[in-house]
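> give me the fold of what follows.
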Amino acid sequence: MTEPLLDVQGLTMRFGGLLAVDGVDLTAERNRITALIGPNGAGKTTIFNCLTGFYKPTAGRLLLRHPTRGPIELQTLKGYGVARTGVVRTFQNIRLFPSMTVLENLLVAQHQALMPRSVFSLAGLLNLKGWRAAEEAAVDTARDWLRRLDLLAVADEEAGNLSYGMQRRVEIARAMSTNPLLLCLDEPAAGLNPRETRALAELLAGIRAEHGIGILLIEHDMGLVMDISDHIFVVDHGARIAAGTPAEIRNDERVIKAYLGEPDADDAAHAGGDAH
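Numbering: from 1, shown residues only. Down below sits the predicted model:
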């Protein structure tokens, strides 16, 4: 078996006396969609924040196997440093620049590649040839992803004027325009209607098939998770309680209990009495 793209071992995160994530292990593979699920408050977004450099974990190892740079320990990096490794994310609450155009949102996302070519704005101010070529390449990349996500017609519209579903697609296009190795999606189906959710499933399956990257998503829509995921990790109260294929997770008693709860003693007694 090939080694995973992302290998998380013993991830632990404390906030004072609160243990938010308790020794979680998980992996994400290239060319695979991996889902991270669990009840509200289970620690999923905290795990994402540790992976993407928003939080520094209390303990644990987060290893990214980069194809050219070799193994990178993400827990030693902050947000900007993590993004430079090819790990990018979207957020549960949409974080576009609403007064910028859709195209401008995708160009801003490529600033890491553009800044060195601009000699930190000097080449841009002087309109040097190297800067013009880099800017044209960034625009081409942005337009290519807008075309792939059926957003080219709204490239010059302000992002804040788009429907919620289209803004979600812009977020994914913006992330993909950075040429990521691992795309982390925090509840990408939140607020979408059934038609938009089906379109999202097709989009993510297409990205998996065509671009060879890993996709790691947090999602509450179990229909979407079961339809598109190759592997699922389940957390509850900050700890991993299950891992497996969609079929295995669907029938796992620990997962069912975490989502549906267990009857208390009085309920069980009443249920037993009713049976007589």
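
> residue boundaries of the strands in the stretch 1-150 of the chain?
6-15, 18-28, 33-37, 59-66, 70-73, 87-89 (DSSP state E, counting those that start in this stretch).

> ok, the longest one: who's next to it in the sheet?
The sheet places strand 18-28 alongside strand 6-15 (antiparallel), with pairing taken from DSSP bridges.

> buried residues in the strand it pairs with?
Neighbour-count burial for strand 6-15 flags Leu6, Asp7, Val8, Leu11, Thr12, Met13 (criterion: 16 or more other CB atoms under 10 Å). All C-beta atoms are positioned from the backbone trio N, CA, C, and that covers glycine.

> my guess is the third one contacts Leu26. True?
This means Val8. Yes: applying CB atoms under 8 Å, one finds Val8 in contact with Leu26, separated by 4.8 Å.

> now render the strands of the stretch 1-150 of the chain as CSV, adding distance to Ile47 and mean pLDDT.
Below are the strands of the stretch 1-150 of the chain laid out as CSV (distance: least, CB to CB, whole Å; pLDDT from 0 to 100):
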stretch, distance to Ile47, mean pLDDT
strand 6-15, 6, 98
strand 18-28, 6, 97
strand 33-37, 7, 97
strand 59-66, 10, 97
strand 70-73, 16, 96
strand 87-89, 12, 94
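
> can I get those in CSV with distance to Cys50?
What follows is those, written out as CSV (distance: least, CB to CB, whole Å):
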stretch, distance to Cys50
strand 6-15, 6
strand 18-28, 7
strand 33-37, 12
strand 59-66, 7
strand 70-73, 12
strand 87-89, 11
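
> nearest to Asn105, out of those strands?
Nearest to Asn105 among these is strand 87-89 (13.7 Å), distances taken as CB to CB.

> packing partners for that closest one?
Packing contacts for strand 87-89, counted by 3 or more CB pairs under 8 Å, 6 or more residues apart in numbering; DSSP states H and E, involve strand 182-186.

> on that earlier part again, which among the buried residues of strand 6-15 gets closest to Leu192?
Leu6 (26.0 Å).

> hang on, the earlier thing: including distance to Phe48, could the buried residues of strand 6-15 go into CSV?
Listed next are these as CSV, based on distance: CB to CB, whole Å:
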residue, distance to Phe48
Leu6, 12
Asp7, 16
Val8, 11
Leu11, 11
Thr12, 15
Met13, 11
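
> closest one of those residues to Gly79?
Closest to Gly79, out of all of those and judged by CB to CB, is Met13, at 15.4 Å.

> give me the number of residues near the nearest residue to the closest one once chain neighbours are set aside?
Taking CB to CB, 6 or more residues apart in numbering, and ignoring the residues beside it in sequence, Met13 has Val21 as its nearest neighbour in space, at 4.1 Å. By other CB atoms under 10 Å, the residues close to Val21 number 28.
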